[in-house]
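> Got a predicted model here, sequence first, then my questions.
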2 protein chains.
Amino acid sequence: MPQPSAAEAGEEQIRELREQHIGRLLLQAQRAYNARAISMLHERGHRGLTLAHTALLPHLDLEGTRITTLAERAGMTKQGMGQLVSELERQGYVVRVADPTDARAVLVRFTDAGWQFLRDAHAVKRELEAGYASVLGSERLDALRETLQEIVEGGAGGA
Amino acid sequence: MPQPSAAEAGEEQIRELREQHIGRLLLQAQRAYNARAISMLHERGHRGLTLAHTALLPHLDLEGTRITTLAERAGMTKQGMGQLVSELERQGYVVRVADPTDARAVLVRFTDAGWQFLRDAHAVKRELEAGYASVLGSERLDALRETLQEIVEGGAGGA
DNA sequence: TGCTATAGTAAAGGCGGTTGTCTAGCCCAG
DNA sequence: CTGGGCTAGACAACCGCCTTTACTATAGCA
């Protein structure tokens, strides 16, 4: 009881804040998804790789894709993407090849192991989403996906 | 073109994977929220504090709360919570006081600056959510909150 | 008087990035 | 064909937000 007035004002705030804010919920939901996806990938023999690496996969074109392009598509810095590429390369999932049209650039391309990982990651995704659909119902899952997409793209909330 | 068959199989997978998976969407949405919340807190004079610290606030009772309890409520380890408490303590937002009923335990309590932070965090949350509501509509925002809550609590998807 | 369980701390490490800085190559203007 | 600015990428350092592992101190029962 340091200052009754402060405490009383705070009490209401606490009650309202206890309805978890969206940021926290998003974080926890993401972690739940993440943890299960990783363990499923492990079961399929892909150790040493994490969900972060799946930020790269769906953006890789068949002919190979530049790091800068990948970074843009994934919404992160090119340095960050460069690291992901290095890790995937070390494990043999992708290779860096020179871009014939620009000597500064590098094309990142799947190896055969990379294709296998892609297939497995895809299977994992489908399995997980089927699980979510069975709990939420597929309509609410679709609604979730759409809402998230709007938030991400629209930068909902101004500022 | 290492192996046409592999590439062709992968092409479909890529197309399907490009519909962002839920995990990525959650992550990106969380980051968007996070970044804006932090900058708003900064504007209100709370530098050095991040969104992570708001994982602690709504769980702090008026009389003070044990670290273990806080950790449980926030869904993290007590070591992790201990760190958050230390950081908040260093900045003067909370204090550790001995628990009179158990010499091993510590009660974490707000200081006056802590109450102020709580109020500001609350204001930020309301402002942000108002922004989301204006983009999504309040129904879809509520639906989002509920869906996320189920995912977090239910561990949707089994296994 | 021990045994075990619990509260908390300490240290290290990991994941998933960021910022800042650098070089090598590109390309346009003059 | 040269200089200036721009872009692709690499390298290094760092940060936020935790986790695991290991430990100490107290509690409380048999």
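Right, received. Where do you want to start? Residues are numbered from 1 along each chain as shown, chains lettered A, B, ... in the order given.
> number of nearby residues for A:Ile38?
Look at A:Ile38: counted by other C-beta atoms under 10 Å in any protein chain shown, it has 19 neighbours. All C-beta spots, glycine's among them, are computed from the backbone N, C-alpha and C.
> roughly how far is whichever helix or strand it is part of from the heart of the chain?
Assessed by DSSP states H and E, A:Ile38 sits inside helix A:22-43. Relative to its parent chain, helix A:22-43 has a centroid offset of 9 Å by C-alpha atoms, centre = their mean, to the nearest Å.
> what sits up against it?
If you take C-beta atoms under 8 Å, 6 or more residues apart in numbering or on different chains as the criterion, helix A:22-43 is touched by A:49-51, A:54, A:120-121, A:124-125, A:127-128, B:22-23, B:26-27, B:29-30, B:33-34, B:37, B:51, B:54-55, B:75, B:128-129, B:132, B:141, B:144-145, B:148-149, B:151-152, B:155-157, B:159.
> Strands of chain A, residue ranges please.
Listed in chain order, the strands of chain A (DSSP state E) span A:65-66, A:94-98, A:106-110.
> Mean pLDDT and mean neighbour count added to these, as a markdown table?
Below are these laid out as a markdown table (pLDDT from 0 to 100; neighbours: other C-beta atoms under 10 Å in any protein chain shown):
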| stretch | mean pLDDT | mean neighbour count |
| --- | --- | --- |
| strand A:65-66 | 96 | 19 |
| strand A:94-98 | 96 | 16 |
| strand A:106-110 | 95 | 21 |
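> Of the ones you listed, which is nearest chain B?
In terms of C-beta to the nearest C-beta, the element of the strands of chain A nearest to chain B is strand A:106-110, at 6.8 Å.
> Out of the strands of chain A, which is closest to DNA strand C?
Counting by C-beta to the nearest atom of the strand, DNA strand C lies closest to strand A:94-98 out of the strands of chain A; the figure is 9.7 Å.
> and chain A, which of its residues are near DNA strand C?
A:34, A:50-53, A:55, A:76-77, A:79-80, A:83-84, A:102-104 (C-beta under 7 Å from any atom of the strand).
> if we go to 6 Å?
A:50-52, A:55, A:76-77, A:79-80, A:83, A:102-104 (C-beta under 6 Å from any atom of the strand).
> and the two most separated of these?
A:Leu51 and A:Ala103 (33.4 Å; C-beta to C-beta).
> Which one's more surrounded, those two?
The residue with more neighbours, out of A:Leu51 and A:Ala103, is A:Leu51; 20 against 8, by other C-beta under 10 Å.
> pLDDT below threshold where in chain A?
A:1-20, A:154-159 (pLDDT under 70).
> One more pass at 50, please.
Scanning chain A for pLDDT under 50 picks out A:1-4, A:157-159.
> Would you map the helices across it?
A:4-18, A:22-43, A:67-74, A:78-90, A:112-136, A:138-154 (DSSP state H).
> which of the ones you listed sits most buried?
Highest mean neighbour count of the helices of chain A: helix A:22-43, a mean of 20 (counted as mean count of other C-beta atoms under 10 Å in any protein chain shown).
> show me the contacts for A:His53.
Taking C-beta under 8 Å, 6+ apart as the test, what A:His53 contacts is A:84, A:87-88, A:93.
> Try it again at 7 Å.
The neighbours of A:His53, taking C-beta atoms under 7 Å, 6 or more residues apart in numbering or on different chains as the test, are A:84, A:87-88.
> Roughly how far does it sit from chain B?
12 Å (C-beta to the nearest C-beta, to the nearest Å).
> How about the residues of chain A by DNA strand D?
Proximity of chain A to DNA strand D (C-beta under 6 Å from any atom of the strand) is limited to residues A:66-68, A:78-79, A:82, A:96, A:104-106.
> at 7 Å instead, please
So chain A meets DNA strand D at A:27, A:66-69, A:78-79, A:82, A:85-86, A:96, A:99, A:102, A:104-107 (C-beta under 7 Å from any atom of the strand).
> in the sheet, who's paired with A:Leu107?
Using DSSP bridges, the bridge partners assigned to A:Leu107 are A:Arg66, A:Val97.
> Provide a list of residues in contact with it.
If you count contacts by C-beta under 7 Å, 6+ apart, then A:Leu107 has A:64-66, A:97, A:99 around it.
> Next, the angle helix A:112-136 makes with the helix holding A:Ile38.
130 degrees (axes from the mean of the first three to the mean of the last three C-alpha atoms, to 10 degrees).
> export the strands of chain A to CSV and tack on distance to B:Gly137?
Output for the strands of chain A, formatted as CSV (distance: least, C-beta to C-beta, whole Å):
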stretch, distance to B:Gly137
strand A:65-66, 37
strand A:94-98, 42
strand A:106-110, 40
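> how about these, which one is nearest B:Gly45?
Comparing those by C-beta to C-beta, strand A:65-66 comes nearest, at 42.3 Å.
> For that closest one, name the packing helices and strands.
Judged by 3 or more C-beta pairs under 7 Å, 6 or more residues apart in numbering or on different chains; DSSP states H and E, the packing partners of strand A:65-66 are strand A:106-110.
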